[in-house]
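S.K.: Give me coordinates for this.
(chains A and B)
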Amino acid sequence: METIKTLKNVPDQHGFFGKFGGQYAPEILKPALDELVEAYSRLRQNQEFHDELYRLNSTYSGRPTPIYFANRLTGHAGGAQIYLKREDLLHGGAHKINNAIGQALIAKYLGKNRLIAETGAGQHGTATAMVGALFGMETVIYMGTKDIERQLPNVKRMKLMGADVVPVNKGSKTLKDAVNEAMRDWVTNVETSHYLIGSVVGPHPFPMIVRDFQSVIGEEIKLEFPEKYGKLPDIVVACVGGGSNAAGTFYPLVDENVDLYGAEAGGIGESAGNNSASLSLGSSGIIHGAYTYMIQNREGHIIPTHSVSAGLDYPGVGPEHAFWKECGRVKYLPVSDEEALETFKLVSKLEGIIPALESAHAISLALKLAKEKSKDTRIVVTLSGRGDKDLDSVLGM
Amino acid sequence: MDATTPKFKRKHSNGEKLVAAYWVLGYPSVKESMSIFRTLNEAGADIIEIGYPYSDPVADGETIQDAIQKALTEGVHLDQLWKVSSTIANYSDPFVMTYGNIPFQFGLEAFVEKAKQSGIAGAIFPDLLPEVYPNVLKGIPPAFLISPNTSLERAEFIAQQSQSFIYLITRLGTTGGRNFQDKRLEKLIHSIKSKRNDIPLMVGFGISSQSQAIQAFEQGADGIIVGSELIKKYQTGGKSQVLEFVSELKEVAAQFSGNS
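M.R.: Prediction:
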């Protein structure tokens, strides 16, 4: 008898994906984490919760998103067919809303009416501000002062929707420090607040919860693609910073016969400090509550990362990605700033779609793969967000 | 109890109340921090917690975070930790307080070995829960944290798992002074002590005055831990203020000690 092999049966009850993940968190968070584990396992079985999530996904966010055949991009690559999963068309312009709605619903069921979030590029902060307004919850967003400077339009959007944006002037003044501050806020206000973490990172159960809410991306690919083209795509590509759109894209497909690729921020070079490619260029360790891959020095201190894309500029990555890397299920490759910028412009010109710089990393990798494949090969790339937010940083260069 | 029993445990079993003092290795410089560790000893600190700087100290408040940042720019490395703990071990009980990624990168077994050789009497890793610690740093007696929002059931579990002392956090949030959440705390102290009394129950995260120390002892604590306030005292009045404050706390502890 054939044994059924699945990679979907993770994490275990302690939050481990193989040796990765877990809860490397202060005791003071333990009751809140336990409460969340318990609440989430209950809500997972709750039809009312799913109905409400489905209703909001379809009427507020704009799901399902289309899968678009990128004809001219395909012609340009001259090989495999390239399809784009259009998460950029969602309300707010990015996949972040999938997770924000789900977690705000959890907060609502837990009776918590204050949301805390961190943001780097401002996309997750914006999504949290949106759901804060939607659910009438007090919303506090931590953002590094360096990020506030480079993502001013998003700061204005968050404030307009009623969120309190708190500048973080510590450490590298970017996303990792915003995460630290958000955690400190949660530690202090854990009884009234929900920490709406923005990616598949942090202590258990966050990596699982965020993955589950983002899995709507992969589920739709799994459903829509065979309906239209007779079978699943041969290759699926997504960009990986913290890794939420990639986890949501890959998870429903991990047991299927599909090659999976993650595009990381290769930045301006392979040496530490020049990139944010935790999986392809980093090493394993503890960051923000989980054992995973990260960018660190020999002593174990987290070191500042670099990427042209603020959304990928993060020194850690979700533990499930570390697990997929370790068991060889997903290949993670770095894409340089230069390649991403080139692709950003190329996709804008050829398709009339301005991709987020984050997503441009994924498309760039897909173009490379497409060139080596035959014309009957089909590649789906998750276009995680739109690039309007990046115009200043790209055109200012 | 045998020859290897740390001094603080003997004192505890003799009914003495304890004072633990925390300082960041490398703050404001490596050399000055070494001198401050000597000061803490002169002042009579029963346990000296060596805060080993980590780039992302999520469980620490502003005062200690800033000190850690400064220390990191001073170029602290683990050799200095082993050295300073060996010295402290001659007169007091050195503890190390840092974060899990430091031993993970050093190598877990090597870290445990070095810690033992350097006379480290116990360790506080705020991000290694009792469920995790034994798989990681077995061999260095842990002091686990219990927070005001920890359930009684879990507090008992944590107390059972602790091997050096039990570290009771007096308030929600990070390190640094603020007010006690009294009634809940008192109940927690009694409940823990009724289950486990062979190791001291130390109270920390917010001791910034003698009166708070008195309150902690009145509520049944076996000892107090002071950290952020020492850094503040140093910043305003230098080492002599640190010496004075720890000495005052020792006097308070003596007043509450069994036979004095």
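
S.K.: for the residue nearest in space to the middle of chain A, what are its contacts?
M.R.: Centrality entry for chain A: nearest residue to the mean C-alpha point is A:S244, 2.5 Å, by Cα atoms, centre = their mean. Contact partners of A:S244, counting by Cβ atoms under 8 Å, 6 or more residues apart in numbering or on different chains, are A:95-96, A:99, A:198-200, A:210-211, A:214, A:318. For every residue, glycine as well, the C-beta is placed using N, CA and C.

S.K.: Check A:W186 too.
M.R.: A:29, A:32, A:116, A:193, A:195 are the contacts of A:W186 under Cβ under 8 Å, 6+ apart.

S.K.: mind redoing it with 10 Å?
M.R.: Contacts for A:W186 (Cβ atoms under 10 Å, 6 or more residues apart in numbering or on different chains) come out as A:28-29, A:32, A:114, A:116, A:193-197, B:172.

S.K.: Tell me which of those fall in strands.
M.R.: A:114, A:116, A:193-195 (DSSP state E).

S.K.: Sketch out the low-pLDDT regions of the chain for me.
M.R.: You didn't pick a chain, so chain A it is. Applying pLDDT under 70 to chain A flags residues A:1-4, A:397.

S.K.: meant chain B actually
M.R.: Short version for chain B, where the test is pLDDT under 70: B:1-3, B:171-182, B:259-260.

S.K.: the strands in it, which residues?
M.R.: Using DSSP E, strands in chain B cover B:18-24, B:47-51, B:93-97, B:122-124, B:144-146, B:166-169, B:201-204, B:223-226.

S.K.: Tell me which of the ones you listed approaches B:S257 most closely.
M.R.: strand B:18-24 (9.1 Å; Cβ to Cβ).

S.K.: helices and strands around that closest one, which ones?
M.R.: Contacting strand B:18-24 under the criterion 3 or more Cβ pairs under 10 Å, 6 or more residues apart in numbering or on different chains; DSSP states H and E are the following elements: helix B:7-13, helix B:30-42, strand B:47-51, helix B:62-73, strand B:93-97, strand B:201-204, strand B:223-226, helix B:228-256.

S.K.: which one of the ones you listed is the most hemmed in?
M.R.: Across these, averaging neighbours per residue (mean count of other Cβ atoms under 10 Å in any protein chain shown) puts strand B:223-226 on top, at a mean of 28.

S.K.: Tell me which residue is most central in chain B.
M.R.: What sits nearest the mean C-alpha location of chain B, by Cα atoms, centre = their mean, is B:E49, with 4.8 Å.

S.K.: So that residue sits against B:A21, correct?
M.R.: Yes - counting by Cβ atoms under 10 Å, B:E49 touches B:A21, with 6.8 Å between them.

S.K.: shared neighbours, those two?
M.R.: By Cβ under 10 Å, 6+ apart, B:E49 and B:A21 have these common neighbours: B:40, B:225-227.

S.K.: what's the distance between A:A25 and B:P94?
M.R.: According to Cβ to Cβ, to the nearest Å, A:A25 and B:P94 sit 26 Å apart.

S.K.: My error: substitute A:N274 in the last question.
M.R.: Separation of A:N274 from B:P94 (Cβ to Cβ) stands at 39 Å.

S.K.: Return the nearest residue of the stretch 101-250 of chain B with respect to chain A.
M.R.: In the stretch 101-250 of chain B, no residue comes nearer to chain A than B:Q105, which is 3.4 Å away by Cβ to the nearest Cβ.

S.K.: Within range of chain B, give me the residues from the stretch 1-150 of chain A.
M.R.: With Cβ under 10 Å from any Cβ of the partner chain as the criterion, the stretch 1-150 of chain A meets chain B at residues A:14, A:22-35.

S.K.: Please convert the buried members of those into PyMOL selection syntax.
M.R.: Here is the PyMOL selection string for the buried members of these, based on 16 or more other Cβ atoms under 10 Å in any protein chain shown:
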select buried, chain A and resi 22+23+24+25+26+27+28+29+30+31+32+33+35
